[in-house]
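Visitor: No letters, just coordinates:
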């Protein structure tokens, strides 16, 4: 089954403790991206990647890192999480010019 | 930069009544337009998309949307809603065909179906 898989689905952590949210797709898509969803703000893009080793900032990249060492994986790294990064995170993938497929989301709480 | 405005943050409507969710975008170049639905505790699912051609686009679950270039609008409609349509609806715009690299979303409209 074609899908985008995020892990974990839920995560509670403390301020400053590094964490990684994984994202994997099995559709051989070139494009992948991360969004965060906050009430009243919709989805905002954090980072995106157009292929292996090619990444670029989205609208709200501060406090986040990404890497794209393999085509299928696009992890999101929070090196020193803060409470304002408490949010619902979505990973998405697509071919160029084609519909984006979204993961189920990761609900992160930073206390 | 592109932007998307969803004029209503919340729309209550009675079951079996018609509904329209409004979306306006700002762009002077060719755009691709999308509506996504998010059911409670789930990810986003594509409802419909406008890439080119006919301005009336039909999607899943009985939804349709009309692209109006002069008014820069892409309103979503359904003639008769059901309880199961309760969800958050997002309008999105892209200048690269809707791929994962270039979607700009509106803030969302929460559709509330009242029995």
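Guide: Done, it's in. Quick caveat: nothing in here was measured; it's all calculated off a predicted structure.

Visitor: Okay, now the unreliable bits of chain B?
Guide: B:27-29, B:97-98, B:100-101 (pLDDT under 70).

Visitor: Give me every residue in it lying close to chain A.
Guide: Counting by Cβ under 8 Å from any Cβ of the partner chain, chain B comes close to chain A at B:6, B:9, B:36, B:42-46, B:49, B:90, B:96-108. Using the backbone N, CA and C atoms, a C-beta is placed for each residue, glycine as well.

Visitor: Throw together a ChimeraX command that grabs the buried residues out of these.
Guide: Under the burial definition 16 or more other Cβ atoms under 10 Å in any protein chain shown, those of the residues of chain B next to chain A that qualify are selected in ChimeraX by:
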select /B:6,36,43,44,46,49,90,96,97,98,99,100,101,102,103,104,105,106,107,108
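
Visitor: out of the residues of chain B next to chain A, which are inside helices?
Guide: With helices taken from DSSP state H, there is no overlap with the residues of chain B next to chain A.

Visitor: Could you tell me how many residues sit around the spatially closest residue to residue A:37 that is not a sequence neighbour?
Guide: Beyond its immediate neighbours in the sequence, the residue positioned closest to residue A:37 (Cβ to Cβ, 6 or more residues apart in numbering or on different chains) is residue A:88, lying 4.4 Å away. By the other Cβ atoms under 10 Å in any protein chain shown criterion, the neighbourhood of residue A:88 contains 17 residues.

Visitor: so what's residue A:88 up against?
Guide: By Cβ atoms under 8 Å, 6 or more residues apart in numbering or on different chains, residue A:88 lies in contact with A:36-38, A:105-108.

Visitor: let's see it at 6 Å
Guide: For residue A:88, the contacting residues are A:37, A:105, A:107, taking Cβ atoms under 6 Å, 6 or more residues apart in numbering or on different chains as the criterion.

Visitor: which of those residues count as buried?
Guide: With burial judged by 16+ other Cβ under 10 Å, the buried subset of the contacts of residue A:88 is A:37, A:105.
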